[in-house]
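Undergrad: Okay, here's the prediction I keep looking at, along with the sequence it came from:
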Amino acid sequence: MDFVKKRKADENGTSIVSGTSPPSPITPLTPEEIRKILEPFTKDQLLDIIQSATLHHSDILNSVRSVADGDISLRKLFIRGLSSETTSDTLRILFSAFGELEEAIVIHDKNTSKSKGFGFITFKHVDSAMLSIREPSKKIDGRITVTQLASNNSSTGDVSLRKVYVGNVPFEITSERLLGFFSMFGEIEEGPLGFDKSTGKSKGFAFLIYKSEDGAKAAIADPMKNIDGHQVVCKLAVDNKRVNKTSQGGAIAQTSQPLSHPSFPQPQQQNSMGGVGNLQNYGPPSNNGYQMNTSLTGSGYNGGL
């Protein structure tokens with residue numbers, strides 16, 4: 001009988017050596033001991049562990065969020081390329097889909113009350129901001145706009161090979177129609193720019209920024225196009241610069257020539273921000289928190305055309 005009992009115990013893997021007691025549970029490590037284990041880890045190793053834990057444990061996500069939310073630069077977004085028709089309420093409705101908002105505002109000229117073509121979004125939580133810029137290009141009121149972190153001072157890349165100028169645009173054409181036509185050649189990152197800020201009407205020209213060089217190349221492959229019975233001309237926006245030889249020793253000098261429309265911004269008016277001017281001059285007075293040190297170099301922003 002004893003042999004049978006012993007055999008069943010062995011099969012179940014629960015046999016206990018005579019004279020011994022069951023092992024006690026492992027004592028949890030102290031925070032100091034855990035820190036000592038983690039000290040030799042590299043930054044990437046720690047990030048991998050925290051990333052995985054944050055994805056699978058809501059309590060860790062809440063801890064990460066509570067720390068990150070303290071930095072407003074991770075929650076505040078800058079949105080450019082807005083239509084004159086876009087209001088603060090429009091932005092609030094659109095971006096509230098990503099999470100709770102603290103603020104949504106379109107910036108207007110203090111003297112004319114006209115939209116400057118850009119605005120700011122501030123989320124309550126950093127994860128909402130991250131979700132909203134997952135797709136930075138958004139269609140709002142017939143335009144493709146671009147959203148980015150307001151604190152992002154780095155260049156978004158050279159747009160000179162992706163920015164297309166469209167001339168002879170009929171005054172009755174809408175931005176929606178122009179966008180639809182040129183979207184056939186590739187995905188558009190921003191535009192069309194060049195419509196009157198107060199009336200929303202065409203000024204006779206426009207700019208479109210494609211997401212890829214291939215899209216821009218396809219758009220200008222045939223520079224003459226017919227839209228609703230109107231002939232327009234398109235080319236790279238940088239084509240307004242030409243290289244001429246001077247009369248002295250064949251030296252090369254680069255001169256800037258305006259495009260066909262008199263409203264096209266002259267190169268000498270441009271500053272280091274690519275023609276936008278300092279955004280500090282566009283927002284409300286400095287004590288309201290809208291002055292920002294954002295260069296937007298290479299972003300393709302041209303003063304909210």
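TA: The structure has been received and is ready for your questions.

Undergrad: quick one: least confident helix or strand in the chain?
TA: strand 252-256 (a mean of 38; mean pLDDT, DSSP states H and E).

Undergrad: Mind listing the residues bridging to the closest residue to Glu103 other than its chain neighbours?
TA: Using C-beta to C-beta, 6 or more residues apart in numbering and skipping residues adjacent in sequence, the residue nearest Glu103 is Thr122, 4.2 Å away. For glycine as for every other residue, the C-beta is placed from the backbone atoms N, C-alpha and C. Counting by DSSP bridges, Thr122 is bridged to Lys76, Glu103.

Undergrad: What about Thr122, how many residues nearby?
TA: 17 (other C-beta atoms under 10 Å).

Undergrad: Need the mean per-residue confidence for the lengthiest helix in the chain.
TA: Criterion DSSP state H: the longest helix present in the chain is helix 43-56. Summarised as a single mean, pLDDT over helix 43-56 is 93.

Undergrad: If you count contacts, what does it end up packed against?
TA: helix 58-68 (3 or more C-beta pairs under 8 Å, 6 or more residues apart in numbering; DSSP states H and E).

Undergrad: For the helix it packs on, which residues meet the burial criterion?
TA: Of all the residues in helix 58-68, those buried under the rule 16 or more other C-beta atoms under 10 Å are Val64.

Undergrad: could you give the angle of it to helix 43-56?
TA: Computed by axes from the mean of the first three to the mean of the last three C-alpha atoms, to 10 degrees, the angle separating helix 58-68 from helix 43-56 equals 120 degrees.

Undergrad: Name the residues that touch helix 58-68?
TA: With contacts defined as C-beta atoms under 8 Å, 6 or more residues apart in numbering, helix 58-68 is touched by 50, 53-55, 74, 125-127.

Undergrad: so which of these is the most crowded?
TA: Going by other C-beta under 10 Å, Val126 tops the contacts of helix 58-68 with 21 neighbours.

Undergrad: wait, doesn't it sit right on Lys76?
TA: No - counting by C-beta atoms under 8 Å, Val126 stays clear of Lys76, with 10.2 Å between them.

Undergrad: ok, back up a step: show me what counts as buried in the longest helix of the chain.
TA: Here helix 43-56 shows Thr54 as buried, counting by 16+ other C-beta under 10 Å.

Undergrad: Would you map the helices across the stretch 1-150 of the chain?
TA: 2-11, 31-38, 43-56, 58-68, 88-95, 126-132 (DSSP state H, counting those that start in this stretch).

Undergrad: and the longest one, C-alpha only, in PDB?
TA: Once non-C-alpha atoms are left out, helix 43-56 reads as follows in PDB (Å, rounded to 0.1, in the frame of the first residue of the first chain):
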ATOM      1  CA  LYS A  43      19.400  52.900 -22.800                       C
ATOM      2  CA  ASP A  44      18.000  50.900 -25.700                       C
ATOM      3  CA  GLN A  45      17.600  47.800 -23.500                       C
ATOM      4  CA  LEU A  46      15.600  49.800 -20.900                       C
ATOM      5  CA  LEU A  47      13.500  51.400 -23.600                       C
ATOM      6  CA  ASP A  48      12.600  48.000 -25.000                       C
ATOM      7  CA  ILE A  49      11.500  46.700 -21.600                       C
ATOM      8  CA  ILE A  50       9.500  49.900 -20.800                       C
ATOM      9  CA  GLN A  51       8.000  49.900 -24.300                       C
ATOM     10  CA  SER A  52       6.800  46.300 -24.000                       C
ATOM     11  CA  ALA A  53       5.500  46.800 -20.500                       C
ATOM     12  CA  THR A  54       3.600  50.000 -21.400                       C
ATOM     13  CA  LEU A  55       1.900  48.200 -24.300                       C
ATOM     14  CA  HIS A  56       0.600  45.400 -22.100                       C
END
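
Undergrad: That'll do, ta.
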